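# A predicted structure for the sequence below; I have some questions about it.
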Amino acid sequence: MDESFGKDEKLKSKKLIDILFQEGKSVKKYPLKLIYLPITNPEITNFKTGVSVPKKLVKTAVGRNRIKRLMREAFRKNKYLVTSNFPKPYALMFIYISRDEISLEELKKVMIKVMEKFNEAENKQR
RNA sequence: CAAGCAGGCCGCCUUAUCGCCAACGAAUUUAUUCGGUGGAGGAAAUUCCGGACACCAAAGGGCGGCAUAGUGGGUAACACCCACCGGUCUCGUUUCGGUUUUCCGAGGCGGGAUCAGGACUAGUGCAACAGAAAGGAUGUACAGGUAAUGCUGUAGUGAAAUCAGGUAAACUCUAUGCGGUGCAAUGCCAUGUAAACCGGUGUUUGCAAGCGGCCCGCUUGCUACCGGAGGGUAGGCAGCUAAAGGUUUUUGGCAACAAAAACCGGAGAUAAAUGAUAAGGGGAAUCCCGGUUAGCCGGGAGGAACAGAAUCCGGAUUACAGGCCUGCUUUUUUA
């Protein structure tokens, strides 16, 4: 199973991120929030995923780094849940909305639930 | 051996698996695969000083403004570092005097801590209590003196009474230094469809903008003419890491440091890499059990601080579990 998470799959375009925050929909499961938007640009063929931890909630750079790394790890292990289910690519942004630290195990569980919610919402619409 | 003080160093390790970033080398299906290699800190933090570098005019002149403040040295430079001098505090020791048990006062020598440590014979301001009077000063008593007068001395208040008084982390003065903005600097590529952009030529006046707050001065634009520039995405590349680098030895120097030689040469991301999991090792505080008069000994549980590079250096400041080393002081035990 492909568990890599390389450059190509990361959300890096500033423009795309701006559009995502303006027009994207979201699902929430504490302490995670997922903002998503279908990518209309035909050049881009795969999912683009980013993670974010607000400076307001986690004060130190070490703390934010730690949580972002755990989020990437949790996504990497479970990304098949979303990437294989849709014909069109999406831009995804996971945002951590708690002040407290979290273990990888717990984060994985929440990540899976958020992804399930996302699947439901998008499949219903189609 | 223990405690305290001062200074310095380190600040989890090993293996496996799954991943991330970088340059390199192969292979091919030419954008992918494979391979081994390298990949956070002593503070990377605060952004408080000082530089390098870049652009703004060859960064220019004046006023204003800011910073620094014993002397000498080090350095690219500094508010940093070193040495010395001085003041203040403190400890030890010693001498002298009073008293003589303690104790008190003065001085010498030695150690430690600390100090924005230039100038109040330029001007201005400020000063509790006491005192007649505290800054263009001058009243009482006694004594002296004069043509005359606080003119002179003493007493009295006070830290200080015409003494070159005190005070500059008071204005100020003096000396020295400082232009501004910062790698989101800056350069290149790509983009542009039109009152825009780029290049060139010409340029009188006026206006506007920029060059630190003002003035000077300088530059640019507005105008005219000529030429250039059409897929999509909206970014990409350089700057970008070799550093006033480090280690060791020798020489010079009290030292900071400098010179020479040999060796090592070390992250470069950009919604931002350096991570996750498992096993083993290591283990402080604390807790539990057993033994012991106690110190303590044995076993088990427990599990590691502050903190993340963002152009690069030198410092300062602040945060920090635990461990190690060196020196000094003190106490106890043993020999």
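Perfect, I can see it now. Numbering: from 1, shown residues only, chains lettered A, B, ... in the order given.
# Could you check how many residues crowd around residue A:6?
6 (other C-beta atoms under 10 Å). To be clear about C-beta, it is placed using only N, CA and C from the backbone, and glycine gets the same treatment.
# Next, the contact list for it, please.
By C-beta atoms under 8 Å, 6 or more residues apart in numbering, residue A:6 lies in contact with nothing.
# separation between it and residue A:69?
Residue A:6 is 16 Å from residue A:69, where distance means C-beta to C-beta, to the nearest Å.
# Same check on residue A:25?
Using C-beta to C-beta, residue A:25 is found at 26 Å from residue A:69.
# pLDDT weak spots in chain A?
A:1-2, A:13-15, A:40-45, A:84-85, A:125-126 (pLDDT under 70).
# Distance from the lengthiest helix in it to the middle of the chain?
Under DSSP state H, the helix in chain A containing the largest number of residues is helix A:104-125. In terms of C-alpha atoms, centre = their mean, to the nearest Å, the centre of helix A:104-125 is set 10 Å apart from its chain centre.
# So which bits of it are buried?
A:107-108, A:110-111, A:114-115, A:118, A:122 (16 or more other C-beta atoms under 10 Å).
# near RNA strand B, which residues of chain A?
Counting by C-beta under 7 Å from any atom of the strand, chain A comes close to RNA strand B at A:2-8, A:10-15, A:17-18, A:21, A:41, A:43, A:50-52, A:60-63, A:65-66, A:68-70, A:73, A:76, A:93, A:103-104.
# how does it look with 6 Å?
A:3-7, A:10-15, A:17, A:50-52, A:60-62, A:65, A:68-70, A:73, A:76, A:104 (C-beta under 6 Å from any atom of the strand).
# filter those to the buried ones?
For the residues of chain A next to RNA strand B, a neighbour count by 16+ other C-beta under 10 Å gives the buried set as A:11, A:17, A:50-52, A:68, A:70, A:73.
# which ones among these are found in strands?
A:50-52 (DSSP state E).
# of these, closest to residue A:98?
Closest approach to residue A:98 among these (C-beta to C-beta): residue A:52, at 13.0 Å.
# residue contacts, the closest residue in space to that closest one that isn't next to it in sequence?
With C-beta to C-beta, 6 or more residues apart in numbering as the criterion, residue A:52 has its nearest non-adjacent residue at 4.9 Å, and that residue is residue A:95. Shown in contact with residue A:95 (C-beta under 8 Å, 6+ apart): A:32-35, A:51-54.
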